[in-house]
Structures are given as structure tokens and as C-alpha cells.
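Undergrad: Just the structure for this:
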Amino acid sequence: MNMGIDWLNILERAAWTFIEGFLIALPTSLSMEMDGAAWKAALMSAMMAGLSAVKTLIIEIIQKNKQ
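TA: Just a heads-up that it's a prediction; the model follows:
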């Protein structure tokens, strides 16, 4: 069974996970001096969370297509 990939769902979930990761990392960065390194750390945390969401969705898609 070949199900179409819901790219909009993947994009929405990755974007929300990115935003959540950024909002969680930002207060930690604000407690320190907010220089370029702190912004980079907050953005890297958010990107890693977004990448994790995309990876999870891709695995779900692969598993559904195997069934």
C-alpha cells in the first residue's frame, strides 16, 4: 500500500518543534549575556529539535509504506 506523503504535516510538525526548541533554549540563553554564541546555541537547539521531528516522521512514513 503506497500512501502519499503529507508534506504539509511534516513541515508543520517540524516548524512547531523548531519553535518549541527555540523558546525553551532562549530563556536559558537570556540568563547569560546574550551574545552571538548564545543566539547560535538557541538556534542550534531549535534546529536539532526540528531535525528530530522530521526524522521521526520519515520513519513513520517508511513503516506505513512497508505494511
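Undergrad: for the biggest helix by length in the chain, the distance to its chain's centre please.
TA: Using DSSP state H to assign secondary structure, the helix with the most residues in the chain is helix 36-66. Between the centre of helix 36-66 and the centre of its host chain there is 4 Å, according to C-alpha atoms, centre = their mean, to the nearest Å.
Undergrad: now it: mean pLDDT?
TA: Regarding helix 36-66, the rounded mean pLDDT is 79.
Undergrad: Contacts only, for the residue positioned nearest the centre of the chain.
TA: The residue lying closest to the centre of the chain (C-alpha atoms, centre = their mean) is Gly50, at 1.0 Å. Under the criterion of C-beta atoms under 8 Å, 6 or more residues apart in numbering, the contact partners of Gly50 comprise 14-15, 17-18, 21. In short, each C-beta sits where N, CA and C put it, glycine included.
Undergrad: Please check those residues and keep the buried ones.
TA: With neighbours counted using 16 or more other C-beta atoms under 10 Å, the contacts of Gly50 contain these buried positions: 14, 17-18, 21.
Undergrad: Distance of the closest residue to Val54 other than its chain neighbours relative to Trp7?
TA: Leaving aside its chain neighbours, Val54 sits nearest to Ala14 (4.8 Å; criterion: C-beta to C-beta, 6 or more residues apart in numbering). Going from Ala14 to Trp7 by C-beta to C-beta, to the nearest Å gives 10 Å.
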